[in-house]
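[1] pasting the sequence and the predicted model now:
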Amino acid sequence: MNGVLARILADKRAEVARKRARIGLADLEARIAGGAPPRGFAASLARAVERGRPAVIAEMKRASPSRGMLRSDLDPAAVARAYERAGAAALSVLTDAGYFGAHADDLAHARAACALPVLRKDFMVDGYQIAESRAMGADCVLLIVAALSPEGLEELYAASQAYGLDALIEVHDANELERALALPGGLLGINNRDLRTFVTTIDRTLELVECVPPGRFVITESGILGRDEVRRLKAAGLRGFLVGEAFMVAADPGARLAELFEERVDESSG
Ligand SMILES: O=C(O)c1ccccc1NCC(=O)[C@H](O)[C@H](O)COP(=O)(O)O
């Protein structure tokens, strides 16, 4: 593997080693035992769809490697409340400081401000991070197939189940999709962004979704910037959407969410 993803993963392994030396697994387990139970991330998405609504996972991040600074003054609690009011089914909170500008308590502040379940958006390379995610209050973890060996993917998926967390299994091509489908469960994310080159196109979802067996819940991720993308993805049967940049660059992220996903009569026939 080369490119930005490889650099991020190498840095992440070093970061995990430093954290583990500071806070052992036993400490994380003690925090988990004293904390609140998970909120049910997949269940919240399913409820939105049952009500005939798109299941929007609304993301917050200060910056990204592909776009640079997006929202330096991010207030996680205020944005979480705005997303909830606008009808989001769940939150996604970037927790990587080095590449995405996260602050240590962003996830905790966002979750405490609303009733929505939260995806910890980070680069999972070690089972330690699954326990850490649960200890910090996450309800779901992201497992990027491109970032993990076959054994690593199975191990981290099993760890997410053991800690009572939902898992969003992210793929970008047909091989990765095959690996994701071999797992016994999990939400399936199709990332429209190639994490090695940053090329982003919703055509990636439109192609890959054809190969997904019925019954797997699919979330289309990245590069959903306007109503035209939402309309095309909905027309292809997509019900799960993960959106970050379009909201982060808007003056009012909640208003942008409502505007992007509002049903208009002239578009409802497909
Ligand atoms: O967004 C990046 O530049 C990026 C680079 C390397 C690894 C991951 C990256 N982003 C994570 C994501 O996939 C997005 O945060 C997420 O899907 C939302 O995408 P968008 O709506 O385009 O902000």
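    Here it is on my side, so go on. Numbers count the residues shown, from 1 in each chain.
[2] quick one: the residue in the stretch 1-150 of the chain positioned nearest to the ligand and residue 107, what's the gap?
    Nearest residue of the stretch 1-150 of the chain to the ligand: residue 66, at 3.1 Å (Cβ to the nearest ligand atom). For glycine as for every other residue, the C-beta is placed from the backbone atoms N, C-alpha and C. Taking Cβ to Cβ, to the nearest Å as the measure, residue 66 falls 22 Å from residue 107.
[3] higher neighbour count, those two?
    Between residue 66 and residue 107, residue 107 has the larger neighbour count (other Cβ atoms under 10 Å), namely 27 against 16.
[4] surely the more buried one meets residue 141?
    No. Using Cβ atoms under 8 Å, residue 107 makes no contact with residue 141, being 11.4 Å away.
[5] please identify every residue contacting each of these two.
    Taking Cβ atoms under 8 Å, 6 or more residues apart in numbering as the criterion, residue 107 and residue 141 both touch residue 120.
[6] what pairs with residue 64 across the strands?
    Under DSSP bridges, the beta-bridge partners of residue 64 are residue 68.
[7] same question, residue 56
    For residue 56, the beta-bridge partners under DSSP bridges are residue 241.
[8] okay, now the unreliable bits of the stretch 1-150 of the chain?
    Within the stretch 1-150 of the chain, the stretches with pLDDT under 70 are 1-2.
[9] and the helices in the chain?
    Residue ranges of the helices in the chain, as given by DSSP state H, are 3-22, 25-33, 41-50, 76-85, 97-100, 106-112, 127-135, 150-162, 174-181, 203-208, 227-235, 245-248, 253-261.
[10] list the buried ones in the fourth one?
    Residues of helix 76-85 classed as buried by neighbour count (16 or more other Cβ atoms under 10 Å): 76-77, 79-84.
[11] any chance of CSV for these, columns distance to the ligand?
    Listed next are the buried residues of helix 76-85 as CSV, based on distance: Cβ to the nearest ligand atom, whole Å:
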residue, distance to the ligand
76, 15
77, 20
79, 14
80, 16
81, 20
82, 16
83, 13
84, 18
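[12] surely the residue of the stretch 1-150 of the chain closest to the ligand and residue 192 touch.
    No. Look at residue 66 against residue 192 with Cβ under 8 Å: they stay out of range, at 11.8 Å.
[13] quick check: neighbours shared by the two?
    Common neighbours of residue 66 and residue 192 are listed as residue 200 (criterion: Cβ under 8 Å, 6+ apart).
[14] now do the contacts for residue 32.
    Contacts here follow Cβ under 8 Å, 6+ apart; on that basis residue 32 touches 131, 134-135, 163.
[15] next, whichever residue of the stretch 101-250 of the chain sits closest to the ligand: phi, psi?
    Nearest residue of the stretch 101-250 of the chain to the ligand, counting by Cβ to the nearest ligand atom: residue 244, 2.9 Å away. Backbone torsions for residue 244, taken as degrees, to the nearest 10, come to phi -120, psi -70.
[16] let's have the chain start at 57 instead
    Okay, residue one is now 57; in that scheme the one you just asked about reads as residue 300.
[17] how many neighbours does the closest residue in space to it that isn't next to it in sequence have?
    Spatial nearest neighbour of residue 300, chain neighbours left out: residue 115 (3.4 Å); criterion: Cβ to Cβ, 6 or more residues apart in numbering. By the criterion of other Cβ under 10 Å, residue 115 has 26 neighbours.
[18] with the one 5 residues further on instead?
    Using other Cβ under 10 Å, residue 120 has 21 other residues around it.
[19] that one touches residue 156, doesn't it?
    Yes. If you go by Cβ under 8 Å, residue 120 and residue 156 touch, sitting 5.9 Å apart.
[20] contact partners for residue 249?
    Neighbouring residues of residue 249 by Cβ under 8 Å, 6+ apart: 122, 228, 255-256, 277-279.
[21] tell me how far it lies from residue 227.
    The gap separating residue 249 from residue 227 is 12 Å, by Cβ to Cβ.
[22] just residue 221 next, same as before
    Residue 221 is 19 Å from residue 227, where distance means Cβ to Cβ.
[23] again, but for residue 106
    Look at residue 106 and residue 227: by Cβ to Cβ, they are 25 Å apart.
[24] where does the stretch 57-206 of the chain come near the ligand, residue by residue?
    Residues of the stretch 57-206 of the chain lying close to the ligand (Cβ under 6 Å from any ligand atom) are 60-61, 115, 117, 120-122.
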